[in-house]
Structure formats: structure tokens, C-alpha cells
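Peer 1: sequence unavailable; structure follows:
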């Protein structure tokens, strides 16, 4: 059972935590040189960023968190050695409607397919529904991000919207999907998981 | 060449901070107007504040790039509403938002006329591939108008709007350049 004592930010292999302004920028800068990662994470044009540019982004991000009050951001680290492996966030929160959008990425290829993304999403959803008390969580995913689509389906997300031909990459148009998960659906899914 | 800014009932024109602020001050009294337009909480903004927003907009330019118009009737040159287009040049897409401020002007065909001008602007002047919009399921007037303009339903985000203790869906719609072009060829006005 999940209860007050169950840790929000720790799972078997990973931990959600704050930015380390000294160490993280070097690692994240490396991720930005991987165009595939950048294209999976974002619809903005991919471009390599220096550690100094990333550091500036961190400053901006923390300012935004403080001022806008509708964004919660986490770094994903390994329990074993604290190494930074990814990023996660609940963003664009509309408090009056109880909505938020999730964002999740594991930075380098060798850290993928190890169950880290699954553990991160599990914690992120619990954070959204049981700590922020949101009513629904949405995710926007391009048609070509098959890994994310499979993960969202596994967590019970419903594909609600198909924005036809909304993106252009590699000389062709792609659909952009919106997925949604309601609090009830999350609770039922979490219960089924426990009973297994 | 077609007149980009002139429809059958209305014309698109520039945004004047003075006139815009005065009108918005009155429009915001009608909470239904706000609720049809947006799902954030309705609020009361001062004329000074609204005017500053208009002025800032005129100076700075927006990101993503935004093309903002005010809308006047052809018959008596009355300022009745606004239309804004947000453009993503990278993926060749635009989003449109529009509103008609005074309820006496609703259901008169102005909105549909505005939208047709918007489509013409987006596809034949900005030359984009796609035009998108969102609306709330309780706004059936808007839905009919958008369907008339050739927008296709692309899905709904379930229960994302909470009003008066009841949950509503948001509807998502889009029209592609080729679909719009076909409508022009088909003689559909």
C-alpha cells in the first residue's frame, strides 16, 4: 500500500531530486549532442548546447518554478552512485482544473531499456495525483516516439487526440498525439499492480 | 488577387490599444464570454492594465510569433471582436483564437466569416501546412461554425475543464492546407 510513509522520491534503482548546479550541466550538455534524444524530447529544432548554456537554462528554470508556480522539475539519479541519468517534470499545471502535463527523458542510450523510465513515471504519476492532487495528467508525444507510446499505454494512458500532420521531420509530416490519464484510472491501475 | 482582410460581413484590421482596452473592459463583465474563450479563472482587469498589454504586444512582437487582428463589421465599422494567430514556422503550423465580445453579435455569422479570413491568411499568405484550434464541449455554437469552415475533429482531452463543479472535455480540431485548397476548388464558400 502507498501511504504517508512510502517515499515519494525513491524507487528501487533511482531517485528524483534537485538540480546540481555544479555537476549536471556537463552531463546534460553531452545529451544535447544526441539528435535522436533531442527529437524524442522536444519538437523544437535540436541543437547542441554547451555546459554554460545549460547552466543558464537551469537558472531560468528555477526562476520559472518560483514565479509561475505551475511547474515541478526533477533530476533523475541512480540510487547506486548518484549519477544523473535523466529529467522529469510536471508542467503547465492549471490549478483550477486540476490538469498537468508530464515530461520524462532518460539521457543516454545505455541507460534506456533498464526500467528506469518505468520507475520514474511511476513516481511522477504518484507525485502528480497523490501529492499535487491533480485530476488528470496529459502527455504530448510524436507518432515516431514508439518507446514513449508503449510506456504510456502500459500505465493506462488513453490516446485522446491525434493532431494530424502537425510535425515535420526528415522531409515528411508526422502526427502528434495527446495522451491522458485520470486520477481514477491511475488509482485502479496502481491497485491492480499491487494485487499482482 | 483576393482582399485578405475583407470578408462578407467583417474585416480584419490592426489592434488599437485605446479602443481595444475600452472594449475589453466591457466584454470581461460577461463571464460567459470568458468561459467560452478560456478555461482559466475569469478575472477583472483594469483598463490601464489591458491597455498596457495591448501596447506591449504592439512593440515587442511575440514568441511564438503572433499575428493579432481586431475585427470590425463591414456594415457600420463597429469593433466587435479579435482574432489572433500563433505561428510555428518550424513545423509550419498555426493556432487560432478568436472572440466576439458582445452577445448581441453572437450567432450572426461573424465568427464564421472571421474564420474563413483566418484560413485564407494562414494558407495563402503565411503559406502554412496546418491550422489548429481548441474549444470546450459546452461551446456548441463555435463547434458548428468550425465544422462549417472545414475543421475536422481530432479528439478530445477528457474531463480537463472544471466549471460549476462539473467536468467537461476540450475538443481539438485541425485543417490541413490540402483540405482547405480542396474546399476552394469545390466551390464551397
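Peer 2: Right, received. Where do you want to start? Computed from a predicted structure; not experimentally measured.

Peer 1: so where is chain A shaky, pLDDT-wise?
Peer 2: Within chain A, the set of residues satisfying pLDDT under 70 comprises A:1-2, A:191, A:194-196.

Peer 1: hang on, residue B:178 in a helix?
Peer 2: Yes. Residue B:178: assigned to a helix according to DSSP: H, G, I helix; E, B strand; the rest coil.

Peer 1: name the nearest residue to residue B:37, ignoring sequence neighbours.
Peer 2: Excluding its sequence neighbours, the residue lying closest to residue B:37 (CB to CB, 6 or more residues apart in numbering or on different chains) is residue B:99, at 5.2 Å. C-beta: built from backbone N, CA, C; applies to glycine.

Peer 1: which element, helix or strand, includes that neighbour?
Peer 2: Following DSSP states H and E, one finds residue B:99 within strand B:93-100.

Peer 1: which element follows that strand toward the C-terminus?
Peer 2: Toward the C-terminus from strand B:93-100 - assigned by DSSP H and E - lies helix B:110-120.

Peer 1: elements contacting the strand holding residue B:99?
Peer 2: Applying 3 or more CB pairs under 8 Å, 6 or more residues apart in numbering or on different chains; DSSP states H and E, one finds that strand B:93-100 contacts helix B:31-37, strand B:79-88, helix B:110-120, strand B:130-136.

Peer 1: swap the cut-off to 6 Å and go again
Peer 2: For strand B:93-100, the elements it packs on are strand B:79-88, helix B:110-120, strand B:130-136, judged by 3 or more CB pairs under 6 Å, 6 or more residues apart in numbering or on different chains; DSSP states H and E.

Peer 1: among the ones you listed, which is nearest residue A:125?
Peer 2: strand B:130-136 (24.3 Å; CB to CB).

Peer 1: just checking, what packs against whatever helix or strand comes next after that closest one?
Peer 2: Counting by DSSP H and E, the next helix or strand C-terminal to strand B:130-136 is helix B:140-148. Counting contacts by 3+ CB pairs under 6 Å, 6+ apart, helix B:140-148 packs against helix B:110-120.

Peer 1: 7 Å - rerun?
Peer 2: Of the remaining helices and strands, those touching helix B:140-148 by 3 or more CB pairs under 7 Å, 6 or more residues apart in numbering or on different chains; DSSP states H and E are helix B:110-120, strand B:130-136.

Peer 1: same list (the ones you listed) but as TSV, adding distance to chain A and mean pLDDT.
Peer 2: Output for these, formatted as TSV (distance: least, CB to the nearest CB, whole Å; pLDDT from 0 to 100):
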stretch	distance to chain A	mean pLDDT
helix B:110-120	16	98
strand B:130-136	6	98
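
Peer 1: of all these, which lies closest to residue A:184?
Peer 2: Taking the helices and strands packed on helix B:140-148 one by one with CB to CB, strand B:130-136 is closest: 21.3 Å.

Peer 1: got the angle for the closest one vs strand B:93-100?
Peer 2: Counting by axes from the mean of the first three to the mean of the last three CA atoms, to 10 degrees, strand B:130-136 points 40 degrees away from the direction of strand B:93-100.

Peer 1: next one: phi and psi at the residue of chain B most remote from its centre?
Peer 2: Here chain B reaches farthest from its C-alpha mean at residue B:165, the gap being 27.0 Å by CA atoms, centre = their mean. Here is the backbone geometry of residue B:165 (degrees, to the nearest 10): phi 80, psi 0.

Peer 1: tally of neighbours for the residue nearest to residue B:37?
Peer 2: 20 (other CB atoms under 10 Å in any protein chain shown).

Peer 1: need the longest helix for the chain.
Peer 2: Assuming you mean chain A. In chain A, assigned by DSSP state H, the helix with the most residues is helix A:51-68.

Peer 1: chain B was what I was after
Peer 2: helix B:47-60.

Peer 1: name the helices or strands packed onto that helix?
Peer 2: Using 3+ CB pairs under 7 Å, 6+ apart: helix B:47-60 touches helix B:17-27.
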